[in-house]
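>>> what would the 3D arrangement of this be:
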Amino acid sequence: MRRVEEFLTEQVAIRGAEPALSDSIGTQWSFDEFDRASDDVATLLRDAGVQPSDRVLMLSENCAAAVATVFGTWKAGAVIIPVNARQSPAEIKRIIDHATPAAILMTTCASSDAVKHSDAMGGKEVTGAFGSLHLATPIASNPDADLCDVAVLLYTTGTTGDPKGVMLTHDNVRFGGKASAKLRGISAGNVVYGVLPLTHVFGLCSVMTASCCAGAHVRLEARFSAEKLYTALTTGVHFLSAVPQMHALLMQYTKEKGLTQLGSETLRYVSSGAAPLDPAWKRKAEAFYGVAIQNGYGMTETTAGTSATSNPLGSSDISVGPPLPGVEIKIDDTVAGSSPGCGEVLTRGAHIMKGYYKNPAETAKAIDAEGWLRTGDLGTIDQQGHLHILGRSKELIIHGGFNVYPPEVEAAINDHPQVIQTAVVGRRKDGDEEVLAFVQIAEGDTLDPETLRAFVKERLTGYKRPSQFIIGTALPAAPTGKILKHKLIETFKNELA
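The predicted model follows:
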């Protein structure tokens, strides 16, 4: 088995003095410096009693010290558990109780929330080539032989009840990093913008690992800001991977500055993941960025990547692309909510997780005897072999006996020029499901629900039209920017009829 940290070893041998990482607190490291920083983390962990196959919890926001912590944990032979420091103490405690980490490292150098967690846990400051971190060791070393090939445990966003830790092996993460680097065409010396959290599979594998594999320089940002993203894209960044919400907020920011185009001289690749593309939005975004908008599909259990596009500028393709090399996809049309040609997306290959930690029953439900993972997403495959995602099977709304796919409704609403982003969910009412739309507009802007209702009337057939439009200037979101749909009804309960 080859290990992920070998990517760094290879880069040090080839281009040790070249830029590897920079962050929003002023850190700038070459690959040599990155290597020394991660070596110091590994030494620190060993001195703290961490053994191979132990777990190390990292409470962080994006910074160079967080990357050194990830790679240093791997060098110590342990498993990294990246957790966003913005999570609540209760959420973090559930993960600690389940994973029993032998050490907790907190990026107090770049996160005020990490400082609060450190204070509560009695963390002690530790220093080295990595800078300054805080360390807590509330649980004794307890290696787990079942984790000998596991690189990372990722606990999925929005988990309720017992946590589900996704076990990604070193082979998984290496596969994901290589596939992402090749797909995007990342090469040595390129500059990649790293705002997607390293505590999420997209940021960890598709951005950080891919960049290390290719020898690229990652500019890390602790928290998303449309202003900071605009500055980065106009000062040397070549690659941007983001979620739709980030694109929407950036375009709103530039609109307020009186600009209709980004005007970057270096940007060459932009991707939008986590949601299907709308043709009108895609054309608008490509005109803004001046480069093709690529789309892709994946989830934590598939090491981020399953399929992706590599289309030229102006392509009408709004799919999530063909399977990545080495990946298989098929459609199961026997699940509830299916229609001819539509069903649950199944996938298998080197990207599939080892399973859920300490949860063989859930693992067996997710992965069958032939290695096919049930994604829980509904989709179709077109004649070109490209996958189209219709939405989560659990988010499918059945209104008046008809299937309503939230992404289709969201796309129609997002066409309105005042709308930044939309989230559509269903709610049980009078023996049926009603369609609810939660719409974000800019601060200081106004938009009447009836105006929006008239707007979508020409774009959606009757049963797909929302019964209510809740309009505001912010929607509940995860650190990645992804809207937390399960929190919408509770957040806006006083505004719902």
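
>>> any idea how far stretch 94-114 is from the middle of the chain?
19 Å (CA atoms, centre = their mean, to the nearest Å).

>>> now do the domain split for this structure, please.
6-172, 224-393, 396-491 (automatic domain parsing).

>>> residue 236 in helix, strand or coil?
coil (DSSP: H, G, I helix; E, B strand; the rest coil).

>>> for it, give me its contacts.
Residue 236 is in contact with 191, 266, counting by CB atoms under 8 Å, 6 or more residues apart in numbering. Where you see a C-beta, it was placed from the backbone N, CA and C, and this is true even at glycine.

>>> and the gap between it and residue 330?
Noted for residue 236: a distance of 42 Å to residue 330, by CB to CB, to the nearest Å.

>>> just residue 82 next, same as before
For residue 82, the distance to residue 330 - CB to CB - is 31 Å.

>>> of the two, who's got more company?
More crowded of residue 82 and residue 330, by other CB atoms under 10 Å: residue 82, with 24 against 14.

>>> the more buried one and residue 70 touch, don't they?
Yes. Counting by CB atoms under 8 Å, residue 70 is a contact partner of residue 82 at 6.9 Å.

>>> any residues in contact with both of those two?
Joint contacts of residue 82 and residue 70 (CB under 8 Å, 6+ apart) are 58, 152, 198, 204.

>>> distance check, the spatially most central residue of the chain against residue 222.
Compute the mean C-alpha point of the chain, and by CA atoms, centre = their mean the closest residue is residue 202, 4.0 Å away. When CB to CB is applied, the distance between residue 202 and residue 222 equals 16 Å.

>>> same thing with residue 473?
23 Å.

>>> neighbour count: the two, which is higher?
The residue with more neighbours, out of residue 473 and residue 222, is residue 222; 23 against 11, by other CB under 10 Å.

>>> name the element the more buried one belongs to?
Using DSSP states H and E, residue 222 sits in no helix or strand.

>>> isn't it up against residue 64?
No. Applying CB under 8 Å as the test, residue 222 and residue 64 come out as separate, 10.8 Å apart.

>>> any common contacting residues for the two?
Residues touching both residue 222 and residue 64 (CB under 8 Å, 6+ apart) are residue 23.

>>> what is the burial count for residue 396?
19.

>>> cool, and residue 464?
Residues lying near residue 464 (other CB under 10 Å) number 20.

>>> and the strands in the stretch 1-150 of the chain, which stretches?
Along the stretch 1-150 of the chain, counting by DSSP state E, counting those that start in this stretch, strands occupy 19-22, 28-30, 55-60, 79-84, 103-106, 124-128, 131-136, 150-155.

>>> and these, which is most packed in?
strand 55-60 (a mean of 29; mean count of other CB atoms under 10 Å).

>>> poorly predicted segments of the chain, please.
157-162, 274-276, 336-339, 401, 431, 480 (pLDDT under 70).

>>> max-length helix in it?
The residue-count maximum for a helix in the chain (DSSP state H) belongs to helix 31-47.

>>> how far does that helix sit from the chain's center?
Distance of helix 31-47 from the chain centroid (CA atoms, centre = their mean) equals 26 Å.

>>> what packs against that helix?
Helix 31-47 is packed against helix 6-15, strand 19-22, helix 64-75, strand 124-128, strand 131-136, with contacts defined by 3 or more CB pairs under 8 Å, 6 or more residues apart in numbering; DSSP states H and E.

>>> circling back: out of the domains of the chain, which one sits most buried?
Per stretch, and counting mean count of other CB under 10 Å, the top mean among these goes to domain 6-172, which has a mean of 20.

>>> now the strands for the stretch 201-350 of the chain?
Here the stretch 201-350 of the chain has its strands, by DSSP E, counting those that start in this stretch, at 217-220, 239-242, 269-272, 293-297, 307-308, 327-332, 343-349.

>>> what is the shortest one packed up against?
Strand 307-308 sits against strand 293-297, with contacts defined as 3+ CB pairs under 8 Å, 6+ apart.

>>> give me the residues contacting the strand it packs on.
Outside strand 293-297, the residues within contact range by CB under 8 Å, 6+ apart are 269-273, 276-277, 282, 285-286, 305-311, 318-321, 377, 387, 389.

>>> give me the spatial nearest neighbour of residue 4, chain neighbours excluded.
residue 173 (4.9 Å; CB to CB, 6 or more residues apart in numbering).

>>> any idea which element the one you found lies in?
With DSSP H and E as the test, residue 173 turns up in helix 170-184.

>>> outside of that helix, which residues touch it?
Residues contacting helix 170-184 (CB under 8 Å, 6+ apart): 1-4, 7, 74, 149-152, 186, 201, 204-207, 209-214, 216, 239, 241, 269, 271, 303-305, 308, 310, 324-326, 350-354.

>>> next step: those residues restricted to helices.
Using DSSP H, these in helices are 7, 74, 201, 210, 211, 212, 213, 214.

>>> just give me the closest of those residues to residue 464.
The nearest member of the ones in helices among the contacts of helix 170-184 to residue 464, counting by CB to CB, is residue 201 at 31.6 Å.

>>> what's near enough to touch the closest one?
Residue 201 sits next to 154, 166, 168, 176, 298, 299, 300, 303, 304 when contact means CB under 8 Å, 6+ apart.

>>> among the domains of the chain, which is nearest residue 190?
Closest among the domains of the chain, using CB to CB: domain 224-393, at 4.7 Å.

>>> from one end of that closest one to the other, what's the distance?
29 Å (CA to CA, to the nearest Å).

>>> just to revisit the earlier point, okay, the shared contacts of residue 82 and residue 70 in CSV with distance to residue 181 next?
Below are the shared contacts of residue 82 and residue 70 laid out as CSV (distance: CB to CB, whole Å):
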residue, distance to residue 181
58, 23
152, 18
198, 17
204, 14
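
>>> and of the residues you listed, the nearest to residue 230?
Once CB to CB is applied, the member of the shared contacts of residue 82 and residue 70 that ends up nearest residue 230 is residue 198, at 22.0 Å.

>>> so the closest one touches residue 209, yeah?
No. At 9.9 Å, residue 198 does not count as touching residue 209 under the criterion of CB under 8 Å.

>>> picking up where we left off before, and the helix holding residue 173, what's buried?
By 16 or more other CB atoms under 10 Å, the buried positions in helix 170-184 come out as 170-181, 183-184.

>>> need the contact partners of the helix or strand following it.
Later in the chain than helix 170-184, the nearest helix or strand by DSSP H and E is strand 191-194. Residues from elsewhere that reach strand 191-194 (CB under 8 Å, 6+ apart): 62, 186, 203, 207-208, 210-211, 216-221, 229, 232-233, 236-241, 266.

>>> let's see that with 10 Å instead.
19, 21-23, 62-63, 67, 181, 184, 186, 203, 207-208, 210-211, 214, 216-222, 228-229, 232-233, 235-242, 266-267, 269 (CB atoms under 10 Å, 6 or more residues apart in numbering).

>>> strand partners of that strand, parallel vs antiparallel please.
strand 217-220 (parallel), strand 239-242 (parallel) (DSSP bridges).

>>> ok, then the element right after that strand?
helix 201.

>>> the nearest residue to residue 442 once chain neighbours are set aside and residue 333, how far apart?
Counting by CB to CB, 6+ apart, residue 252 is the residue found nearest to residue 442 once chain neighbours are left out, at 5.6 Å. Going from residue 252 to residue 333 by CB to CB gives 39 Å.

>>> what do you get for residue 150?
The value you get for residue 150 to residue 333, if CB to CB is used, is 34 Å.
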